[in-house]
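Student: Sequence plus predicted model, see below.
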Amino acid sequence: MTEPKKLAIIVHSNTLDKLYPILFLASTGGAMDMEVNLFFTFWGMNAIKKGGLDSAALPGLMRIGTGMMKRKIKNTKVPTLTKLLEMARMTDQVKLYACSTTMELMDISKDELIPEVDGIVGAASFLSIAQDADVQLFI
Amino acid sequence: MTEPKKLAIIVHSNTLDKLYPILFLASTGGAMDMEVNLFFTFWGMNAIKKGGLDSAALPGLMRIGTGMMKRKIKNTKVPTLTKLLEMARMTDQVKLYACSTTMELMDISKDELIPEVDGIVGAASFLSIAQDADVQLFI
Amino acid sequence: MTEPKKLAIIVHSNTLDKLYPILFLASTGGAMDMEVNLFFTFWGMNAIKKGGLDSAALPGLMRIGTGMMKRKIKNTKVPTLTKLLEMARMTDQVKLYACSTTMELMDISKDELIPEVDGIVGAASFLSIAQDADVQLFI
């Protein structure tokens, strides 16, 4: 039996255009039996706050195009971010970690996070996993 | 004989400041006999639409500085993006892939893409290549 | 004795929100005895110009929140960027490289860079190191 392939992503962003590739890679990786680890830090922390995925918007000045983009996404029958996370979790291969330093810095309590979060960890924990991962990305 | 080293880049951006490192890495990697795979997704899709490289600008509020940056690039004798892509392709080591979901979402047809595009693929195809690549980047 | 793990980061950004993860990963990686290589390119070059780390701000329209973020950082006793770089360097495991093309393009002389910079290199040097690194990130 071969060792499963591992994917580690630092999720630094919480904009719609970045969360889609992140959750597509996570759900697809999980479906391919890869071990997927998502580390949410800085702005990315908003994505794992309750209601965070629903309120994700396009970045900067493009923010005003968010509604139009969401309608296109719906019309194309692309899943919502919340649905994609659900699909990712159903594979049992996708773990979510929150960055401890960001939580302290942004004064976020554990209660504010969605229940899917598997742990609150620091940079050393991420590097320990990333250094043995086959794919590492900062998004 | 040793296995060639592999580089896989997810091209998410279409701004001048990101396309330069992407195409510098691609052309340099190709010249070093690395197998280079570029996956264009979301905004990055604009870079492989006909005329897309020529119209790339600096991001957000910096957009107004694009003309000045392009003059500096010309004066420093740094190749244009189009020239860099040509140099990359001449190595016969650099493959370009378009993201199928983005094409559907943004209603882009195959005819709108430059002829250098080698294929239209999904997230699973990227992960299959990336998990055996030596270097993976999201830009 | 096992080979030390290697981390290679392309530092493309010079905003506060990106330089923190970069220098946290560098100092933590160094403390874990990883070999850390930081390649500063494009906007990231500002981070290794004298005084550059002190003047780093939040990106785009969020720039106005920079002072508030810095006060939070101070109140949470998170080290400054300058202190983090110092901690990273004290591990003797963290090397800093400046991108030669960017220096030419932005007309930056060696004298303008902080003395911690270990060398001025091109894309080929980065790829040579990255292709044997265990973790590669573009930030």
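Tutor: Structure's in. What do you need?
Student: Up against chain B, what does chain A have?
Tutor: Residues of chain A found near chain B, taking CB under 8 Å from any CB of the partner chain as the criterion, are A:5, A:7, A:17-18, A:20-21, A:24-25, A:28-29, A:31-32, A:34, A:60-61, A:72-73, A:76, A:78, A:134-139. All C-beta spots, glycine's among them, are computed from the backbone N, C-alpha and C.
Student: outside of the strand or helix carrying A:Ile9, which residues touch it?
Tutor: Here A:Ile9 is covered by strand A:6-11, with elements defined by DSSP states H and E. Counting by CB atoms under 8 Å, 6 or more residues apart in numbering or on different chains, strand A:6-11 makes contact with A:19, A:22, A:25-26, A:29, A:34-41, A:44, A:47, A:126, A:129-130, A:132-139, B:127, B:131, C:21, C:137, all of which sit outside it.
Student: Mind checking which of those residues are in strands?
Tutor: The strands, defined by DSSP state E, take in A:35-40, A:135-138, C:137 from the contacts of strand A:6-11.
Student: and A:Glu116, how many residues sit next to it?
Tutor: Counted by other CB atoms under 10 Å in any protein chain shown, the residues lying close to A:Glu116 total 13.
Student: got the residues of chain A near chain C?
Tutor: Within chain A, the residues that sit near chain C (CB under 8 Å from any CB) are A:10, A:12, A:41-43, A:59-61, A:101, A:104-107, A:122-124, A:126-128, A:130-133, A:136-138.
Student: Filter those residues down to the buried ones.
Tutor: The neighbour-count criterion (16 or more other CB atoms under 10 Å in any protein chain shown) marks A:10, A:12, A:41-43, A:59, A:101, A:105-106, A:123, A:126-127, A:130-131, A:133, A:136-138 among those as buried.
Student: Output the below-cut-off pLDDT ranges for chain A.
Tutor: Scanning chain A with the threshold set as pLDDT under 70 gives A:1.
Student: repeat that with 90
Tutor: A:1-3, A:60-61 (pLDDT under 90).
Student: any idea where the helices of it begin and end?
Tutor: With DSSP state H applied, chain A shows helices at A:16-31, A:66-75, A:81-90, A:100-105, A:123-130, listed in chain order.
Student: leaving aside the residues next to it on the chain, what's closest to A:Pro4?
Tutor: Nearest residue to A:Pro4, sequence neighbours excluded (CB to CB, 6 or more residues apart in numbering or on different chains): A:Glu35, at 5.3 Å.
Student: number of nearby residues for the one you found?
Tutor: A:Glu35: 19 surrounding residues under other CB under 10 Å.
Student: list the contacts for it?
Tutor: Residues counted as contacts of A:Glu35 (CB under 8 Å, 6+ apart) are A:4-7, A:93, A:95.
Student: From those residues, list the buried ones, please.
Tutor: Among these, those scoring as buried are A:5-7, A:93, A:95 (criterion: 16+ other CB under 10 Å).
Student: of all those residues, which comes closest to A:Gly65?
Tutor: Closest approach between the buried ones among the contacts of A:Glu35 and A:Gly65, by CB to CB: A:Leu7, at 29.7 Å.
Student: Just the terminal-to-terminal distance for stretch A:71-91.
Tutor: 27 Å (CA to CA, to the nearest Å).
Student: ok, now stretch A:64-84?
Tutor: Start-to-end span of stretch A:64-84 (CA to CA) is 23 Å.
Student: Check which residues of it are buried.
Tutor: For stretch A:64-84, the buried set under the neighbour-count rule, 16+ other CB under 10 Å, comprises A:66, A:69-70, A:73, A:78-79, A:81, A:84.
Student: which residues are in contact with it?
Tutor: Residues contacting stretch A:64-84 (CB under 8 Å, 6+ apart): A:16, A:19-20, A:23-24, A:26-27, A:47, A:53-54, A:56-58, A:87, B:101, B:104-107.
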